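Engineer: below: sequence and its predicted model.
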Amino acid sequence: NAGVTQTPKFQVLKTGQSMTLQCAQDMNHEYMSWYRQDPGMGLRLIHYSVGAGITDQGEVPNGYNVSRSTTEDFPLRLLSAAPSQTSVYFCASRGGDCATDTQYFGPGTRLTVL
Amino acid sequence: GDSVTQMEGPVTLSEEAFLTINCTYTATGYPSLFWYVQYPGEGLQLLLKATKADDKGSNKGFEATYRKETTSFHLEKGSVQVSDSAVYFCALSDGDTGRRALTFGSGTRLQVQP
């Protein structure tokens, strides 16, 4: 049981380039989400999904797209990277009922946009 | 909207000292409250949680009590170790919405000196 996995661990992009951050979980969790972590600001929600085929915006969605074609995978796409997107990105998942409201986090992707 | 406020760090303590990290929150409904820990270079790990008023979460010598009357969830440990050096995040879950996402405080860095 690998939990939540993310790839790549590190990435450097030039302004305007596009890329996809991968996230997968093997716990059959309905809920998945993406956060970004910036110094002094904690983690902020980018996008989330409550099940396959269903996604919605969080606090800071601009510049990011997501899709959820399967329960396991929840990729985050940067269509045209900007220096303001330099950050550490975390994917998380949790089960569907209130009794299991613990979120499990992946190891993170450190992204630098030059 | 929901928010979490943590005491600013860094907090520097000597080994075996008593630790308190303050956390207060603003939320509608009845959120669950969490403390997550992030060790250097790693992702977030759940440290403890409480799901209703007056619940006490505990793990690895850390404790926090859900105080609805003061909207607080302060983290305490009686005797810290060097291995406790990390960043600690207070968070709440938006249990009354469908997002099942977390709202985080800005994090408090703890450094324990031998």
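Structural biologist: Cool, got the structure. Numbering: from 1, shown residues only, chains lettered A, B, ... in the order given.

Engineer: need the helix or strand of chain B with the lowest average pLDDT.
Structural biologist: Counting by mean pLDDT, DSSP states H and E, the weakest-scoring helix or strand in chain B turns out to be strand B:102-104, with a mean of 90.

Engineer: give me the pLDDT value at residue 62.
Structural biologist: This is for chain A. A:Asn62 is assigned 96 on the pLDDT scale.

Engineer: correction: the question concerned chain B.
Structural biologist: pLDDT, read off for B:Phe62, is 98.

Engineer: what's near enough to touch the nearest residue to it once chain neighbours are set aside?
Structural biologist: Nearest residue to B:Phe62, sequence neighbours excluded (C-beta to C-beta, 6 or more residues apart in numbering or on different chains): B:Lys77, at 4.9 Å. (C-beta placed from N, C-alpha, C; glycine too.) Contacts for B:Lys77 (C-beta atoms under 8 Å, 6 or more residues apart in numbering or on different chains) come out as B:18-19, B:61-63, B:84.

Engineer: try it again at 7 Å.
Structural biologist: Shown in contact with B:Lys77 (C-beta atoms under 7 Å, 6 or more residues apart in numbering or on different chains): B:19, B:61-62.

Engineer: the strands in the chain, which residues?
Structural biologist: You didn't pick a chain, so chain A it is. A:4-7, A:10-13, A:19-25, A:31-37, A:43-51, A:54-57, A:64-66, A:76-78, A:87-94, A:104-105, A:109-113 (DSSP state E).

Engineer: ah, no, chain B please
Structural biologist: Counting by DSSP E, the strands of chain B are B:3-6, B:11-14, B:19-21, B:23-26, B:33-38, B:44-50, B:56-59, B:62-65, B:75-77, B:86-93, B:102-104, B:108-113.

Engineer: what lies in contact with the first one?
Structural biologist: Contacts of strand B:3-6 from elsewhere in the structure, counted by C-beta under 7 Å, 6+ apart, are B:21-26, B:90-92, B:103-108.

Engineer: find the nearest non-adjacent residue to the most centrally placed residue in chain A, please.
Structural biologist: Residue closest to the mean C-alpha point of chain A, counted by C-alpha atoms, centre = their mean, is A:Trp34 at 2.9 Å. Nearest non-adjacent residue to A:Trp34, counting by C-beta to C-beta, 6+ apart: A:Ile46, 4.4 Å away.
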